[in-house]
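# Have a look at this prediction, sequence included:
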Amino acid sequence: AAVLRHVGALLEPQLRRTKTMLSIEVTATAPLAIEAHALQQVLVNLAQNATQAMAAANIEGGALALIARPAPGGIATLITVTDEGPGVPAADRARVFDPFFTTKAKGSGLGLYLASYFVELHKGHITVISESEKGSQFTVSLPLNS
């Protein structure tokens, strides 16, 4: 919960500029098997990409949601980052976590790659579900700290 709130605070100036509405919901409270700083980096990368995608599509006042909930079975936590942006084109979905892949004119192509790297380093996984014009949902699954 603290990491999600901190990510919101870090992104607040960017959210204000783009008039993005942020909601944070936390129902998972078990400690995760990832360092707070690594989780923060993952969520900042996902949230910044979402905000930038909405801004690039001229979506003003779009919604961004960060939600942490227990995974079915109770052995992991699912954290979703959902936006109302233009979506990830089907042709790009398989490549979004590849190093140096970007659709931005000035992007490095490292944000989603590093997010994926940190999640996998901590024995988790990350997926994307996206529909054109309906936004994207990135889901991070992380094991609990045992």
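Looks like it arrived, so ask away.
# any chance you could map the strands in this structure?
Remark: strands assigned in the chain by DSSP state E are 21-26, 63-70, 76-83, 125-131, 135-143.
# a markdown table please, covering the ones you listed and showing mean pLDDT.
Shown next, in a markdown table, are these (pLDDT from 0 to 100):
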| stretch | mean pLDDT |
| --- | --- |
| strand 21-26 | 97 |
| strand 63-70 | 97 |
| strand 76-83 | 97 |
| strand 125-131 | 93 |
| strand 135-143 | 96 |
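# name the helices or strands packed onto the helix ranked longest in the chain?
When secondary structure is assigned using DSSP state H, the longest helix within the chain turns out to be helix 36-56. For helix 36-56, the elements it packs on are helix 2-18, strand 63-70, strand 76-83, helix 111-121, strand 135-143, judged by 3 or more CB pairs under 8 Å, 6 or more residues apart in numbering; DSSP states H and E. No exception for glycine: its C-beta is placed from N, CA and C like everyone else's.
# list the buried ones in stretch 43-63?
Using 16 or more other CB atoms under 10 Å as the test for burial, stretch 43-63 gives 43-47, 49-55, 59, 62-63.
# what sits up against the helix or strand bottoming out on mean pLDDT in the chain?
The least trusted helix or strand in the chain, going by mean pLDDT, DSSP states H and E, turns out to be helix 90-93, with a mean of 87. Applying CB atoms under 8 Å, 6 or more residues apart in numbering, the external contacts of helix 90-93 come out as 101, 103, 128, 130, 132.
# where does the chain dip in pLDDT?
Nowhere does the chain drop to pLDDT under 70.
# Could you rerun that using 80?
Applying pLDDT under 80 to the chain flags residues 103-109, 132-133, 146.
# Let me see the contact set for the residue most central in space within the chain.
Taking CA atoms, centre = their mean, the centroid of the chain lies closest to residue 46, which sits 3.0 Å from it. Residue 46 sits next to 81, 112, 115, 138, 140 when contact means CB under 8 Å, 6+ apart.
# quick one on the thing from earlier: of all the helices and strands packed on helix 36-56, which lies closest to residue 26?
The closest of the helices and strands packed on helix 36-56 to residue 26 is strand 63-70. By CB to CB, the value is 4.7 Å.
# Figure out how far the closest one is from the centre of its chain.
Its chain's average C-alpha position is 9 Å from that of strand 63-70, according to CA atoms, centre = their mean, to the nearest Å.
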